[in-house]
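Asker: Any chance you could fold what I've pasted below:
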Amino acid sequence: MSHRPPASGAPAVLIALLALAALPAHADLLAYEGFDYAPGTPLLNRTGGSGWEGGWNEFGLGSGTAATTAGLSYSGVSATGGAVQTPGGGTTIGHVRNLPAASAYGVPGTTIYFSVLLRPTDPVGTGPFGGYGGITIGDLFIGKPGSVSTTYGMERLGGGGFVSSGVQAVRNETALLVVRAMFTAGADRFDLYVNPDTSSGIEPATPNATKADMDVGLLPYHGFGTGAGWTVDEIRIATTYADALNATVAIPEPSTLALMALPLLGLAGGRWRAGRRARRDCGGR
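Answerer: Model prediction:
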């Protein structure tokens with residue numbers, strides 16, 4: 001009869017510990033606005049969300065942007081509360097919100113992701129300046145531009161240098177826009193993803209559009225503007241593509257990994273002692 005001592009669990013435990021240690025730390029959102037306000041609340045001076053300084057400012061030829069009853073949704077993107085609806089009927093309006101000066105957004109050598117959910121509620125292409133709608137990153141506009149196109153893309157704020165994503169803006173259909181901003185000492189690079197597959201949370205290999213002929217400098221604020229009726233929701237600024245989509249997927253921090261490792265180490269120690277007793281009983285060492 002063969003007496004085979006129990007195998008030690010140390011190798012398996014070490015592999016598990018190495019796998020845990022290889023996980024990147026969770027990168028929190030830098031700034032977020034989910035527009036979780038009571039329906040009908042004017043956006044002006046509202047201070048919800050996180051990562052901002054002060055409330056929303058308003059400029060343009062009109063007013064009336066207010067919270068809606070229900071927020072926008074997109075598969076794979078976490079959402080909270082409602083959204084905001086900009087006025088239609090030929091009204092141009094913009095909103096900006098200050099970013100903390102200490103954050104120094106736009107420093108050369110850094111990469112930041114911006115994302116937003118947009119839905120045109122007026123006929124696409126109608127309204128002042130072609131019924132534009134989108135977000136701003138410094139002097140860069142991302143969204144449905146002025147009269148030059150009815151597709152989503154990027155151009156200089158005020159028009160010029162438009163780069164199309166090839167994805168058509170469709171009335172009453174929600175679009176997800178994610179921008180990877182790579183800041184340099186010269187011209188910055190902006191990669192735009194429109195309605196990407198979010199099932200894996202992995203950044204697509206190829207963007208829908210790229211613009212690399214602008215230096216936007218440091219960013220004191222972030223915001224959006226429209227020349228027609230648009231619903232705007234889930235504005236995010238993050239350090240990773242995954243966090244620009246969904247802030248609820250938490251990856252353990254190093255301290256958490258250490259706590260998780262304790263039971264595994266205890267298991268390894270128990271198996272090692274059991275294996276040693278078995279080898280002693282079999283005449284081994």
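Asker: Contacts only, for Ala79.
Answerer: Ala79 sits next to 34, 71-73, 117, 233-234 when contact means CB atoms under 8 Å, 6 or more residues apart in numbering. Glycine gets a C-beta too; all of them are placed from N, C-alpha and C.
Asker: now the strands for the stretch 51-200 of the chain?
Answerer: 53-60, 66-67, 84-85, 93-98, 111-120, 133-137, 140-144, 151-156, 163-168, 175-182, 188-194 (DSSP state E, counting those that start in this stretch).
Asker: and the closest residue to Asp36 other than its chain neighbours, what is it in contact with?
Answerer: Leaving out its chain neighbours, the residue that sits closest to Asp36 by CB to CB, 6 or more residues apart in numbering is Gly81, at 2.7 Å. Residues counted as contacts of Gly81 (CB under 8 Å, 6+ apart) are 34-37, 71.
Asker: for the chain, which spans come out with low pLDDT?
Answerer: Flagging of the chain using pLDDT under 70 yields the residue ranges 1-27, 62, 247-285.
Asker: Walk me through the domains of it.
Answerer: What automatic domain parsing lists as the domains of the chain is 28-245, 252-285.
Asker: So Lys144 sits against Val124, correct?
Answerer: Yes - counting by CB atoms under 8 Å, Lys144 does reach Val124; the two are 6.8 Å apart.
Asker: and the contacts of Ala79, which two are the farthest apart?
Answerer: Greatest spacing in the contacts of Ala79, by CB to CB: Gly34 and Ser73 (11.7 Å).
Asker: neighbour count winner among these two?
Answerer: Gly34 (21 against 13; other CB atoms under 10 Å).
Asker: which non-adjacent residue is nearest that one?
Answerer: Leaving aside its chain neighbours, Gly34 sits nearest to Thr80 (4.0 Å; criterion: CB to CB, 6+ apart).
Asker: tell me the contacts of the closest residue to Tyr132 other than its chain neighbours?
Answerer: Excluding its sequence neighbours, the residue lying closest to Tyr132 (CB to CB, 6+ apart) is Gly227, at 4.6 Å. Shown in contact with Gly227 (CB under 8 Å, 6+ apart): 91-92, 127-133, 146.
Asker: which stretch of helix or strand covers the residue most central in space within the chain?
Answerer: The residue lying closest to the centre of the chain (CA atoms, centre = their mean) is Ala244, at 1.1 Å. Assigned by DSSP states H and E, Ala244 belongs to helix 241-245.
Asker: helices or strands up against that helix?
Answerer: strand 111-120, strand 175-182, strand 230-238 (3 or more CB pairs under 8 Å, 6 or more residues apart in numbering; DSSP states H and E).
Asker: do that again at 7 Å, thanks
Answerer: Counting contacts by 3 or more CB pairs under 7 Å, 6 or more residues apart in numbering; DSSP states H and E, helix 241-245 is packed against strand 111-120.
Asker: Run through the bridge partners of Val116.
Answerer: Beta-bridge pairing of Val116 under DSSP bridges involves Leu177.
Asker: Give me the distance between it and Ala209.
Answerer: Separation of Val116 from Ala209 (CB to CB, to the nearest Å): 15 Å.
Asker: How about residues contacting stretch 147-163?
Answerer: Applying CB atoms under 7 Å, 6 or more residues apart in numbering, the external contacts of stretch 147-163 come out as 124-125, 129-130, 136, 139-146, 164-169, 175, 177, 190, 192, 194, 209-211, 213-214.
Asker: List buried residues within these.
Answerer: Buried members of the contacts of stretch 147-163, scored by 16 or more other CB atoms under 10 Å, are 124-125, 129-130, 136, 140-146, 164-165, 167, 169, 175, 177, 190, 192, 194, 209, 211, 214.
Asker: about what we covered before: my guess is the residue nearest to Gly34 contacts Glu33. True?
Answerer: No - under the criterion of CB atoms under 7 Å, Thr80 is not in contact with Glu33, lying 9.9 Å apart.
Asker: Which one's more surrounded, those two?
Answerer: Neighbours per residue, other CB under 10 Å: of Thr80 and Glu33, the larger number sits with Glu33, 28 against 16.
Asker: what about the closest residue to the more buried one other than its chain neighbours, neighbour count?
Answerer: Leaving aside its sequence neighbours, Glu33 sits nearest to Gly49 (CB to CB, 6+ apart; 3.7 Å). Look at Gly49: counted by other CB under 10 Å, it has 19 neighbours.
Asker: This completes my enquiry, with thanks.
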